[in-house]
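> What follows is a predicted protein model with its sequence.
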Amino acid sequence: MKHLGVLMLVAGLLIGCTHVSSEKVGETSPPGQEILERQPLPPLPDTIRPSFEPLTMNELQKGEPSPEWQLRQSIPFGQIGPSEGMLHIYEASSPDELLSSSVHGILSLPGGEYLLRDLSRSFLEQRQPGCDEVCLFQRVLPGQERVELIGSIELFANGPGLHANVVDDRDERKLQVFDNWGQVVFVDLDQDGSDELIIQFQGLHNSPPDVFFIRATEGVLEKSESVVTALGRNSWDFARLEQERTPPVISIGNVWTEAELVYAYTYRQGVLERVP
């Protein structure tokens with residue numbers, strides 16, 4: 001009987017240990033979620049006012065392909081002034097041990113050739129490039145008549161989504177470029193009949209989706225800080241354009257806090273307002 005009692009005690013301890021272990025293995029909460037649940041986030045504000053600063057653009061430099069570069073494909077790149085643009089994709093050997101080659105582009109026009117270095121390696125794939133790689137717009141940027149966005153070209157980066165946007169500066173008579181993470185979208189957010197220009201960052205690694213705005217103030221192009229930065233609440237907040245709604249809205253919420261509702265915001269004249 002004494003031995004039987006000892007065996008029952010040991011069995012009970014093993015069952016208890018097994019039960020605790022199974023709970024540990026079954027945990028699925030993402031890192032940090034428990035802390036966020038114990039410390040609820042402040043409520044989302046009724047209005048968000050992103051700050052704006054002048055949009056930085058650089059003149060596109062002329063250049064020619066090196067003799068050893070291999071031409072891989074040529075892609076029509078819209079109408080620039082009176083001329084048709086053509087983007088030629090070249091592969092060049094790379095001294096980098098991690099990359100066997102690099103990709104460069106030559107934007108060819110009757111007036112000269114312009115060099116775009118370090119393009120996305122997806123241009124080397126055996127398929128027709130989609131809008132993720134090359135997207136044509138041919139749209140005058142909102143609020144002014146001087147600068148026309150010709151199109152965007154994906155650049156090489158540690159993940160998808162970095163683009164060079166080529167613009168035609170009609171007053172300066174030169175091509176310029178500005179870079180951004182995310183896709184350019186023209187959408188009438190305030191339903192006034194004129195499209196706004198936003199940049200939708202799709203999210204990458206530890207950075208959730210986010211939104212930027214580009215506008216013109218007295219003819220000067222400006223880019224906003226991101227919506228999440230303007231919110232200033234938590235690094236796991238996200239902002240996402242919802243184009244299918246009428247009017248289109250910016251949805252804002254938090255990645256890790258399932259208990260928090262996602263709220264819709266309208267955008268008008270630089271201010272985001274929460275939909276009741």
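Yep, that arrived. Note that the coordinates shown come from a computational prediction; the quantities given were computed from them, not determined experimentally.

> mind listing what's buried in stretch 251-271?
251, 252, 253, 254, 255, 256, 257, 263, 264, 265, 266, 267 (16 or more other Cβ atoms under 10 Å). Yep, even glycine has a C-beta here, placed from its N, CA and C like the rest.

> now those residues as CSV including pLDDT?
Putting those into CSV (pLDDT from 0 to 100) gives the following:
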residue, pLDDT
251, 96
252, 96
253, 93
254, 92
255, 86
256, 80
257, 73
263, 94
264, 96
265, 97
266, 95
267, 95
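
> which of those lies closest to residue 77?
residue 267 (30.3 Å; Cβ to Cβ).

> Confirm that the closest one sits in a strand.
Yes - according to DSSP: H, G, I helix; E, B strand; the rest coil, residue 267 belongs to a strand.

> can you pull the contacts of it?
189, 190, 196, 213, 250, 273 (Cβ atoms under 8 Å, 6 or more residues apart in numbering).

> go on, residue 112?
residue 62.

> among the contacts of residue 267, which ones are buried?
Buried by 16+ other Cβ under 10 Å: 189, 196, 213, 250, out of these.

> Out of those, flag the one nearest to residue 179.
Using Cβ to Cβ, residue 213 comes nearest to residue 179 of the buried ones among the contacts of residue 267, at 16.5 Å.

> partners of the closest one in the sheet?
residue 198 (DSSP bridges).

> So which residues of the stretch 101-250 of the chain form strands?
101-109, 112-116, 134-140, 147-154, 162-169, 174-181, 183-187, 196-201, 210-217, 220-224, 237-242, 249-254 (DSSP state E, counting those that start in this stretch).

> Which one of the ones you listed lies nearest to residue 51?
Among those, strand 220-224 sits nearest to residue 51 (Cβ to Cβ), with 6.9 Å.

> List the buried residues for the closest one?
So strand 220-224, judged by 16+ other Cβ under 10 Å, has buried residues 221, 222, 223, 224.

> Please verify my assumption that the first one contacts residue 55.
Yes - under the criterion of Cβ atoms under 8 Å, residue 221 makes contact with residue 55 at 4.2 Å.

> what is in contact with the two at once?
residue 214.

> For residue 130, state which of the contacts of residue 267 is nearest.
residue 196 (24.1 Å).

> List the residues that contact residue 190.
Going by Cβ under 8 Å, 6+ apart, the list of residues near residue 190 reads 196, 247, 266, 267, 268, 269.

> same thing but at 7 Å, please
Counting by Cβ atoms under 7 Å, 6 or more residues apart in numbering, residue 190 touches 247, 266, 267, 268.

> How far does stretch 74-86 sit from its chain's centre?
Relative to its chain's centre, stretch 74-86 lies at 25 Å (Cα atoms, centre = their mean, to the nearest Å).

> Span of it from start to end?
Stretch 74-86 has an end-to-end distance of 7 Å (Cα to Cα, to the nearest Å).

> Equivalent analysis for stretch 61-81, please.
OK, stretch 61-81 end separation, Cα to Cα: 17 Å.

> how distant is it from the center of its chain?
25 Å.

> ok, now stretch 265-276?
That offset, for stretch 265-276, works out to 21 Å (Cα atoms, centre = their mean).
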